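Asks: Generate coordinates for the sequence data below:
(one chain, ligands or ions: 2)
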Amino acid sequence: MRTQVAIIGAGPAGLLLSHLLDAQGIESVVIETRSREYVEARIRAGILEQSTVDLLTEAGLGERLAAEGDPHRGIYLQWPEERHHLDFVELTGRAVTVYGQTEVQKDLGKARDAAGQQIVYEVSETALHDLGTDRPYVTYTDNNGRPARLDAEVVVGCDGSFGPSRSAVPEAARQTWQRAYPYSWLGVLADVAPSTDELIYAWHPDGFALHSMRSSTVSRFYLQVPTDTDVAQWSDERIWEALATRLGHGQNGWQLTPGPLTDKSVLPMRSFVQQPMRHGRLFLAGDAAHIVPPTGAKGLNLAVADVALLAPALTALLLKGDRGPAEAYSADALRRVWRCTHFSWWMTTMLHTSADPFEAQLQLSQLRWVTSSEAGARGLAENYAGLPIGF
Ligand code: FAD
Ligand code: DHB
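Replies: Numbering: from 1, shown residues only. Ligands and ions are numbered 1, 2, ... in the order given. All right, here's what the predicted structure looks like:
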């Protein structure tokens, strides 16, 4: 098979890239290890920055997002006895939107169907070849066990944190940075109306808790847990008790309403960056190049921001032979990547508790500052609501 752009991975980065390239008349083929059903049901992120919403809307993907997305002006930050609201709209003029990654994925899938996009699901043994030449190609085994070859002008690795693309860059040509955090998140989905109008990020001596949501009838919660946690150790009763304790703030009779839990999973937390994000005719986008701990809600937004830069860069390269934007892609994307890497690390280390009492005092001092100083609040708001595309 031959195409202009071979895209590895049908997550948000891969599908959005194929969509934006198609709008410019550039052909692509997407290959994906999982089934379409699996990819569309994977429960992950839930918060879209303003620039992500704008981009999806401009790309013609905003219809259901506009109808079902829930715009939020800000978040609550709390610690025992105190809950504070940060109003991002007042502080930065920008809002965020609650809209699950599952929904973004479905919208993208539907749009790609309408355009007749070729997506090969359930492949195995993906391998990348001849990336240093103008004729790179990808080999894989299709879901009937047949070997296949995809020739392209450009290969884009959108294959997330476990895909093969990033290690297809020779070791001598790449640099990586990483940090593993000494805790994980236990994430649960509940069939119950949210007990809050906007997200609550809670510092608590027992550990961090987050009250998020997916709709007026579905709530999403996260609890800081030890890294070796087995979900089986957390009964529904234990989860609701921990959430009520950590999210309670002892004021105004606020109460958490429990309900049936429909999903439970443990997520490890790490930061990872690989640079450069281009090697010859291979480009990396999204989690294939960088991973952030989820506390700042940046992972999905960062994948979209990469693609927003990469699509015009590939358009210039493939339609006009202009290599400038493609050569600048890595450095341009990495400015935002490192900003979000810092913000996610900062939110994570400010909110997750450790056994160190000195650290706890520093965290509380930082929380008091971002909730009482306009400069502190604005810094958090600007990063959370998201920097403009092209930052
Ligand atoms: P992905 O969505 O990971 O897509 C990559 C795709 O490549 C996958 O479909 C994968 O199956 C495919 N693939 C992998 N290997 C191959 C191969 N060899 N050949 C072909 N295809 C391949 N972010 C938040 O902001 N908040 C959250 O709460 C949150 N929760 C998360 C929970 C989990 C379990 C994970 C893994 C991530 C979470 N994230 C969260 C991060 C966010 O979901 C990601 O940043 C986002 O999905 C990145 O999109 P992507 O397209 O780059 O990668
Ligand atoms: C969600 C996940 C996050 O990591 C976050 O910071 C906020 C919300 C969510 O899944 O809803």
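
Asks: Could I have the CA atoms of stretch 72-81 written out in PDB?
Replies: Taking Å, rounded to 0.1, in the frame of the first residue of the first chain, the C-alpha atoms of stretch 72-81 are listed here in PDB:
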ATOM      1  CA  HIS A  72     -16.600  25.500  33.300                       C
ATOM      2  CA  ARG A  73     -15.400  28.900  34.500                       C
ATOM      3  CA  GLY A  74     -12.800  27.500  36.800                       C
ATOM      4  CA  ILE A  75     -12.000  25.000  39.600                       C
ATOM      5  CA  TYR A  76     -12.100  24.700  43.300                       C
ATOM      6  CA  LEU A  77      -8.900  24.100  45.300                       C
ATOM      7  CA  GLN A  78      -9.200  23.000  48.800                       C
ATOM      8  CA  TRP A  79      -7.500  21.700  51.900                       C
ATOM      9  CA  PRO A  80      -9.200  20.700  55.300                       C
ATOM     10  CA  GLU A  81     -11.500  23.500  56.400                       C
END
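
Asks: What lies in contact with that stretch?
Replies: Residues from elsewhere that reach stretch 72-81, judged by C-beta atoms under 8 Å, 6 or more residues apart in numbering: 83-91, 95-98, 196, 198-205, 247, 249-251, 364, 367, 370-371, 381, 384. In short, each C-beta sits where N, CA and C put it, glycine included.

Asks: what separates residue 216 from residue 70, distance-wise?
Replies: Distance of residue 216 to residue 70, computed by C-beta to C-beta, to the nearest Å: 8 Å.

Asks: do the same with residue 128
Replies: From residue 128 over to residue 70 the distance is 40 Å, taken as C-beta to C-beta.

Asks: Comparing the two, which shows the higher neighbour count?
Replies: A direct count of neighbours by other C-beta atoms under 10 Å for residue 128 and residue 70 places residue 128 higher, at 23 against 16.

Asks: what's whichever residue of the chain sits closest to ligand 2 sitting at in phi/psi?
Replies: Per C-beta to the nearest ligand atom, the residue of the chain with the smallest distance to ligand 2 is residue 46, at 2.7 Å. Dihedral pair for residue 46: phi -140, psi 0, per degrees, to the nearest 10.

Asks: how many neighbours does it have?
Replies: Per other C-beta under 10 Å, the neighbour tally for residue 46 reads 23.

Asks: From residue 279, how far out is it?
Replies: The separation that residue 46 has from residue 279, given C-beta to C-beta, amounts to 33 Å.

Asks: try residue 125
Replies: Distance, residue 125 to residue 279, by C-beta to C-beta: 21 Å.

Asks: neighbour-wise, which of these two wins?
Replies: More neighbours surround residue 279 than the other of residue 125 and residue 279, with 21 against 11 (other C-beta under 10 Å).
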